[in-house]
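In: Give me a 3D structure for the following:
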Amino acid sequence: MSIFNDARYAVRTLLRAPGFSAVAIVTLALGIGANTAIFSVVNGVLLRRLPYLHAERIVQLWSATPDEPRGGYSAADFLDVQRRNQTLAAIAGYREDALTISMPGGEPVRVLATVVTADYFDIFGTPADLGRTFSGAADGTAHEPLIVLSRETWLHQLSGDPHAAGRRIRVNGVPHMVVGIMPASFDYPAGTKAWVLSPLAVPTPQIDIAGDLLETRDVHYFKAVGLLAPGVTTDAAQVDLTAVAAGLAREYPQSNSRRTIRLLPLHDEVVGDVRDALLLLLGAVGVVLLIACANVASLLLARASGRRREIAVRAALGASRGHLVRQLVVESLVLGVAGGVAGLITGTWAVALLVRVLPAGIPRVEQIGIDTRVAAVAVLLSLASALLFGLAPAWQASRADASAVLHEAGERGSTAGRGRARTRAVLVVGEIALTLVLLVAAGLLVNSFVRLQRVEPGFRIAGVTLVSLPLPQAQYPDGKRQAAFYQRVLDAVRQHGGVQSAALLFPTPLEGDNARGSFTIEGRPPASRGDSPFGAIASVSPGYFHTMGIPLVKGRDFTAQDREPAPAVVIVNQSLARKYWADDEPVGRHIRFGDTNEDWVTVVGIAADAENVGLGKDPVPMMYLPYQFFTLPFMSAAVLSDGGTAIAASAVRDAVRAIDPEMPLDKVEPLSDLIAGEVAEPRFRAMVIAAFALMATLLAAIGVYGLISYSVAQRTREIGIRVALGAQPGQVMGPVLTEGLTLALAGIGIGLVAAAAATRLFAGFLFDVRALDPVTFGAVAVLLLAVALLASYIPSRRALRIDPIDALRGE
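Out: Below you'll find the predicted structure:
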């Protein structure tokens, strides 16, 4: 009952000081709310278990080389790994593809699909909601083509038909039987709308490949997931698979000498590179909460000064020191609970806002929300904060000598008063130091983002629209038909009003390493397969470099005559020319792709380097081939127009419908959106850290203001006497400003050291900015100093208005 009574007394006490209570609760609500919001993101993305039966045992398997750490498998390598490993209970292959699905009587739609081998779903252990999966089916072509749909596709395309299992739909023009509907929770790979059972030996891209796909080891066209055998650890499986890869390298040195197998837990694969960024945000918001706690502790210390006589009276009436400490701690807990409730409400609102502004690259966004774990953390933060900011003030307040307090005229000269002043000063110095760390982080990240945004990509952005044009293989099974379709579309688009120029391309800008290949330079045979020159491959049409605004440094552009049966030609970028020809002249030289006996290809030009694997990253060596020689069934059109996206989309749509009315447009995207997507994550990090730094700066300013105001109030008699004796305004304000300046300099000094040490935590997120950038550190120090002086100036001005008579009468 005593705790209950203490709680009731605490509530009444706090209600009698509404200003203090409101400031303390709002301060805590900001800190706890921000922490709740960021932790909900961390919880949803990093901590929640993947929704699969065997989630902890599922691993991603990459066929890795030094140049390509996340490479795919050839059919032959996959089958060997499947047979030879000793640690996997199962292994399945898959590849992502965009497919056209046509429902009976409905419009064809393009969806992201995943082509899988039969035991794919067995690895995840997730049964179908309706019907079945591919369990027990053979990876062959004898059976009818089968497809499993996502719940979203089932609802939107089949209207949630409960008898959907067994229905036939067309996939890329080929009839497939729907065998099952997956639950909404099954989403691997992310965004997949359908899963198609396919033989192992169906490659992507769908291009002509010589030889038997089950024998060749040169075509790496699909990915793999595996299920660890019961009791097997990830490390043990990695050792086993590394040995398997080493054996394959010994047996097939030409193709596998540089290949190994890289294993990752599926959770790590799904989370990807966002872990460090989210942990950085969590650390930053934790600093904000520490600053908020320091602020509330400072408020409690100031309030304790005003309550010292009340506490002394209670002690004189027999209250033990333990009881006094308990009472004051309970008051802090009441404040903490109130701040926690307000923080949870604030956090719920902030989570909704965060989900809307999160960049597209953040995985598992649908898992973000306030759940039991997040609520529990909010409660723990409330209680921990209450103890953190409440214990020290409670302990100090209970140490006062009751007799001395009851007989003293004021606190100014008391030992307890000096102790509280020192503690508040330490808290304010700590606030300033922590704020400086956040401001430095924000300054560096914002500077980095601005520099990244200003990167010149090397290609035209304004007015260019990309339209994806993947072709169904049933209607366009070979390169000749694909090339004929693309040429007719390109010719029609170029005639459309408002279109300045148009071209075909694969891959799209900033995705230049989607297709790679080795080659041999005439007269310079490599010592081994592993030593062959290597580069990214792009398939483009004549006019591509003009449309994209990429200048040709030497040689010529492709022409309409660069097609069979004319000799094959290639244009290389500057990076490839420098890497493999150095000071030599590549134009006019000959190369041959792979180690085949194909005809030599003539280098006819050198294109200027353009960003091809991401903004701010060094361009990779690249070879441009005329699309008539290297036709792929998933080209895109780049359209430069006066009317922007609307004109470009209309031009391509009209051209496609005139040729194939059943074909939907897959994706229409202004090139400016592609660039914006590249900087979305850096922008998000910079904005959130900057918001936290601004919040911390405001709290630190309030802390300095509160301490200096308290100091002025405690020195009212002294200041009144000095004013009465004729002190000038500068002589009155000087000591007050000096006190604020001293605190600020101490906090800034400590903060600069702490910030220098902390930069290693986020140096990996910086672009073109040094982690110890002196301009940023200097600017932040000056800014904080100015804020502290402004926060001190207001109380110092109030000191000038002290009436000496009132000050002396008050004493």
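In: so who does Gly369 touch?
Out: Ser40, Gly44, Val351 (C-beta atoms under 8 Å, 6 or more residues apart in numbering). All C-beta spots, glycine's among them, are computed from the backbone N, C-alpha and C.
In: Who wins on neighbours among the residues you listed?
Out: Ser40 (26 neighbours; other C-beta atoms under 10 Å).
In: ranges for the strands of the stretch 51-200 of the chain?
Out: 58-64, 88-102, 109-116, 130-131, 146-149, 168-171, 174-181, 194-197 (DSSP state E, counting those that start in this stretch).
In: Out of these, flag the one nearest Leu783.
Out: Within these, the stretch nearest Leu783 is strand 58-64; the backing value is 45.2 Å (C-beta to C-beta).
In: the inter-axis angle of the closest one versus strand 88-102?
Out: 80 degrees (axes from the mean of the first three to the mean of the last three C-alpha atoms, to 10 degrees).
In: So, low pLDDT: which residues of the stretch 601-750 of the chain?
Out: 712-733 (pLDDT under 70).
In: now with 50?
Out: Counting by pLDDT under 50, the stretch 601-750 of the chain contains no low-confidence segment.
In: swap in the chain?
Out: Short version for the chain, where the test is pLDDT under 50: 1, 140-142, 201-211, 402, 404-407, 409-416.
In: how does it divide into domains?
Out: Following automatic domain parsing, one finds the domains of the chain at 66-258, 476-659.
In: Please convert those to a markdown table, extending it with mean neighbour count and distance to Gly272.
Out: What follows is those, written out as a markdown table (neighbours: other C-beta atoms under 10 Å; distance: least, C-beta to C-beta, whole Å):
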| stretch | mean neighbour count | distance to Gly272 |
| --- | --- | --- |
| domain 66-258 | 18 | 10 |
| domain 476-659 | 18 | 14 |
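In: could I get those as JSON lines with distance to Gly751?
Out: As requested, the domains of the chain are exported to JSON lines (distance: least, C-beta to C-beta, whole Å):
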{"stretch": "domain 66-258", "distance to Gly751": "38"}
{"stretch": "domain 476-659", "distance to Gly751": "29"}
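In: Those domains: which one's closest to Val464?
Out: Per C-beta to C-beta, nearest to Val464 of these: domain 476-659, 5.3 Å.
In: chain center to the closest one, what's the gap?
Out: In this view, domain 476-659 has its centroid 31 Å away from the chain centroid, taken as C-alpha atoms, centre = their mean, to the nearest Å.
In: can you map out the helices along the stretch 401-550 of the chain?
Out: With helices called from DSSP state H, counting those that start in this stretch, the stretch 401-550 of the chain shows them at 402-407, 415-453, 479-495, 544-548.
In: now those in JSON lines, with distance to Arg167?
Out: Putting those into JSON lines (distance: least, C-beta to C-beta, whole Å) gives the following:
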{"stretch": "helix 402-407", "distance to Arg167": "85"}
{"stretch": "helix 415-453", "distance to Arg167": "49"}
{"stretch": "helix 479-495", "distance to Arg167": "29"}
{"stretch": "helix 544-548", "distance to Arg167": "42"}
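In: Out of those, flag the one nearest Phe558.
Out: Here helix 544-548 is closest among these (C-beta to C-beta), at 7.5 Å.
In: So which other helices or strands are in contact with the host helix or strand of Asp235?
Out: Assigned by DSSP states H and E, Asp235 belongs to helix 234-251. Contacts defined by 3 or more C-beta pairs under 8 Å, 6 or more residues apart in numbering; DSSP states H and E place helix 234-251 against strand 58-64, helix 75-84, strand 223-228, helix 253-256, strand 260-265.
In: and of those, who's closest to Val688?
Out: So among these, strand 260-265 is nearest, using C-beta to C-beta, at 27.2 Å.
In: contact partners of that closest one?
Out: By C-beta under 8 Å, 6+ apart, strand 260-265 touches 56, 58-65, 69-70, 81, 226, 234, 237-238, 241-242, 244-246, 249.
In: how far does that strand sit from the chain's center?
Out: 23 Å.
In: cool, and stretch 29-41?
Out: 18 Å.
In: Residues in contact with it: which ones?
Out: By C-beta under 8 Å, 6+ apart, the surrounding residues in contact with stretch 29-41 are 278, 281-282, 285-286, 288-289, 291-293, 339-340, 342-351, 353-354, 358, 362, 368-371, 374, 377-378, 381-382, 385, 688, 692, 695, 699.
In: Which of these are buried? Put it as a ChimeraX command.
Out: To isolate the buried members of the contacts of stretch 29-41 in ChimeraX, using 16 or more other C-beta atoms under 10 Å:
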select :278,281,285,286,288,289,291,292,293,339,340,342,343,344,346,347,348,350,351,354,358,362,368,370,374,377,378,381,382,385,688,692,695,699
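In: Where helices are concerned, which of the contacts of stretch 29-41 count?
Out: Here DSSP state H is the test, and these give 278, 281-282, 285-286, 288-289, 291-293, 339-340, 342-351, 353-354, 374, 377-378, 381-382, 385, 688, 692, 695, 699 as lying in helices.
In: wait, what's in contact with the closest residue to Gly430 other than its chain neighbours?
Out: In this structure, Gly430 finds its nearest non-sequential neighbour in Ala294, 5.6 Å apart by C-beta to C-beta, 6 or more residues apart in numbering. Going by C-beta under 8 Å, 6+ apart, Ala294 touches Phe389, Leu427, Val428, Gly430, Glu431, Leu434, Gly703.
In: This completes my enquiry, with thanks.
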